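Trainee: Compute the structure for the input listed below.
(2 chains)
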Protein chains: 2
Amino acid sequence: MRVTEPVLRRLAVDLLEAHGAPPEAAWLQADLLIEAELRGLPSHGLQRLPRLLARIGNGLADPVATGEQHWRRAAFLQVDGQRALGPVALMAAMEALLPATRAAGLALAAIRNANHIGMLAYYAEAAASRGVIGIVLSTSEALVHPFGGTEAMLGTNPVAIAIPTGDAPFVLDLASSVVSMGKIHHHALKGEALAPGWAVDAAGNPTTDAEAAKTGAISPFGGAKGYGLGLAFELLVAMLAGSELAPEVRGTLDASHPASKGDLLILIDPGADGGVAARLCAYLDALRHSRPADPASPVAVPGDGMRVRRAAALRDGIDIPDSLLNDLQTLRAA
Amino acid sequence: MRVTEPVLRRLAVDLLEAHGAPPEAAWLQADLLIEAELRGLPSHGLQRLPRLLARIGNGLADPVATGEQHWRRAAFLQVDGQRALGPVALMAAMEALLPATRAAGLALAAIRNANHIGMLAYYAEAAASRGVIGIVLSTSEALVHPFGGTEAMLGTNPVAIAIPTGDAPFVLDLASSVVSMGKIHHHALKGEALAPGWAVDAAGNPTTDAEAAKTGAISPFGGAKGYGLGLAFELLVAMLAGSELAPEVRGTLDASHPASKGDLLILIDPGADGGVAARLCAYLDALRHSRPADPASPVAVPGDGMRVRRAAALRDGIDIPDSLLNDLQTLRAA
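Mentor: Numbering: from 1, shown residues only, chains lettered A, B, ... in the order given. Model (predicted):
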């Protein structure tokens, strides 16, 4: 069913408030999920909400907590998330980091024991809208096999980078797996075959069978290089946040374990030179107008497609599966 | 010809000192090139030396300069390289960053107007050997086409990340292109075909002809994701260092232009918790012993192969083309 953005936002806020979230926390968590829907990323949208509400219900997520912040050094903030909602702990850390970023030129928050932070671009963009570069890393359960290996040993380990470049920031957000586990599940649901190279089955054999892949492992993007980057992110987050490594991570995909992954937020103050931002914008435009491989498909800059999808969804509404909408409406009526 | 490491090191140091480099600068620049040779990365080894000496000869590289350092903020060091040798400017910045890193928890140096810094792993490892995480970025001439495009618009934009994990640090060093332009030239020299997907020719058509690729563009690694990361690195370096964007970069592949690329060095103090490093080591070992795709090829961790090659080269000597050795010996005799 197609539903307008304000209706879905109201539904999400109501549910979160009914489960004990203060208005600001409810708005923030709902905004994160709605932004994912608007950008065509339903795997990070409202389908996450029933599980999150269940986690609040059984004490694995605390809708009132904001995380305990401790300055390990002048620009290094250590956060014990204390089971807070992911976006609440992360945005609280960002607000605390901003003065340190202005003073030191850059600052870092390392967060453990917070719930799932969802779509990383949300935070990187929030940083860029405050005039600073935002870099966000997060880890997950073991879902990805190493290059040359066949066992799920790494998280999907996404990274987002946003750079203030004028009107619209440059925004990159990608997982270090070739696809998300959400996409594998989506293919399984629809009975569609996976593309070759996406996954291996439980025995470690390459497979295009989505059902078989669900108990196997997703491949890293970009072969040995993507594996290397995903592994570097895995180590960086675990070392700085003191969170678990992928084989021990729980709690982003279930409603029965505390969330034991980690998150990093790095902010860099680029200084106030408007000339540099204009130069970056001109370069990005030159990229967009450079010769495409397919004349019908102009070269894109990361974030371009997202902005088009978002504008269309704000205008035309968001497609949401009937079953999910029913579940959410039933929860609200309960 | 196979030559022992001390002989090649002496040759490089002598040549640099004869061209005006003080002993410490000559040793550092030579060490960088020799380390690349030891690790089986000749494209970043002694074949770079004749051009560097020519650059010193015509004033494009100043073997005495160390770069002018300016603290933009408490942990943000801006460096005008003043045509210094790349490793001299970068290691001087690292020494300056270390106290700030201890105080702030992390610190950043952004460098422009320095010469080529070569193999990035060298610096990241140097940071790890001092107990801090090292992240290094650098840019280059436009050699890489955007995903979905066909014109060389991005640098090869390498990144290195080293993490102190006990005896041997985790070391990742990769270009955001699928292969280096050095490898393309190597294939052209040997008359070997490129693998499909490596490059396009000047007209923008995919090619396996190495000669045709030399005037075309290399492909980004990992499709849209690798393109996005390479582009993010391009923007980060240009914005923070105030260096040129790829289409305007000169001076890392020629002996006729000032070097106008930029370099970033980020150091992060992980704190003194030895338990975390031991946990990371155990995880890396579990990766190495996880089920391989090919039983004859165990899963590797980035840096493993490099250490094996380095040990062998220290024991057995370094293979160096006769023509290059002759050139260097002729230069020394001059």
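Trainee: Against B:Asp327, how distant is the residue lying closest to A:Asp322 once chain neighbours are set aside?
Mentor: What sits nearest to A:Asp322 in space, not counting adjacent residues and going by Cβ to Cβ, 6 or more residues apart in numbering or on different chains, is A:Met1, at 5.4 Å. To be clear about C-beta, it is placed using only N, CA and C from the backbone, and glycine gets the same treatment. Distance, A:Met1 to B:Asp327, using Cβ to Cβ, to the nearest Å: 72 Å.
Trainee: ok, now A:Ala241?
Mentor: To B:Asp327, A:Ala241 is 51 Å away according to Cβ to Cβ.
Trainee: And A:Pro158, how close does it get to B:Pro63?
Mentor: As it turns out, when the distance is counted by Cβ to Cβ, A:Pro158 lies 44 Å from B:Pro63.
Trainee: How about the residue of the stretch 201-334 of chain A found nearest chain B, nearest residue that isn't a chain neighbour?
Mentor: The nearest approach of the stretch 201-334 of chain A to chain B comes at A:Gly222, 2.5 Å away (Cβ to the nearest Cβ). Nearest residue to A:Gly222 in three dimensions, chain neighbours excluded: B:Gly222, at 2.5 Å (Cβ to Cβ, 6+ apart).
Trainee: For the one you found, grab the count of nearby residues.
Mentor: Neighbours of B:Gly222 under the rule other Cβ atoms under 10 Å in any protein chain shown: 24.
Trainee: Now do stretch A:278-298: everything it contacts.
Mentor: With contact meaning Cβ atoms under 8 Å, 6 or more residues apart in numbering or on different chains, stretch A:278-298 is reached by A:163, A:165-166, A:170, A:299-301, A:304, B:145-146, B:148-151, B:153, B:204, B:231, B:235, B:238-239, B:245, B:247.
Trainee: Pull out the buried residues from these.
Mentor: Burial by neighbour count, judged by 16 or more other Cβ atoms under 10 Å in any protein chain shown, picks out A:163, A:165, A:170, A:299-301, A:304, B:145-146, B:148-151, B:153, B:204, B:231, B:235, B:238-239, B:245, B:247 from those.
Trainee: what's the spacing between the residue of the stretch 201-334 of chain A closest to chain B and A:Arg309?
Mentor: A:Gly222 sits 24 Å away from A:Arg309, going by Cβ to Cβ.
Trainee: same deal with A:Leu108?
Mentor: 31 Å.
Trainee: quick one: secondary structure of A:His187?
Mentor: The three-state label given to A:His187 by DSSP: H, G, I helix; E, B strand; the rest coil is helix.
Trainee: is it true that it touches A:Ala210?
Mentor: Yes. Here A:His187 lies in contact with A:Ala210, judged by Cβ atoms under 8 Å, at a distance of 3.9 Å.
Trainee: and for those two, which residues touch both?
Mentor: Counting by Cβ under 8 Å, 6+ apart, the residues touching both A:His187 and A:Ala210 are A:193-194.
Trainee: how far out from the middle of the chain is the helix or strand A:Gln329 falls within?
Mentor: Under DSSP states H and E, the secondary-structure element containing A:Gln329 is helix A:322-333. On the basis of Cα atoms, centre = their mean, to the nearest Å, helix A:322-333 is displaced by 24 Å from the centre of the chain it belongs to.
Trainee: Likewise for stretch A:236-254?
Mentor: Stretch A:236-254 sits 15 Å away from the centroid of its parent chain (Cα atoms, centre = their mean).
Trainee: Report the buried residues of that stretch.
Mentor: In terms of neighbour count (16+ other Cβ under 10 Å), stretch A:236-254 has its buried residues at A:236-247, A:249, A:251-253.
Trainee: Quote the end-to-end distance of that stretch.
Mentor: Distance across stretch A:236-254, first residue to last, is 24 Å (Cα to Cα, to the nearest Å).
Trainee: all helices for chain A, in order.
Mentor: If DSSP state H is used as the criterion, the helices of chain A fall at A:5-18, A:23-38, A:49-57, A:86-104, A:121-129, A:181-190, A:210-214, A:223-241, A:274-288, A:304-316, A:322-333.
Trainee: low pLDDT regions in chain A?
Mentor: Counting by pLDDT under 70, chain A contains low-confidence ranges at A:272.
Trainee: Grab the most central residue of it for me.
Mentor: Ranked by distance to the mean C-alpha position of chain A (Cα atoms, centre = their mean), the top residue is A:Met119 at 2.5 Å.
Trainee: residues in contact with that one?
Mentor: Contacts here follow Cβ under 8 Å, 6+ apart; on that basis A:Met119 touches A:32, A:35-36, A:39, A:41, A:44, A:173.
Trainee: Same check on A:Ala124?
Mentor: If a contact means Cβ under 8 Å, 6+ apart, then A:Ala124 has A:134-136, A:160-162, A:171-173 as its contacts.
Trainee: taking these one by one, which sit in strands?
Mentor: Using DSSP state E, the members of the contacts of A:Ala124 that fall in strands are A:134-136, A:160-162, A:171-173.
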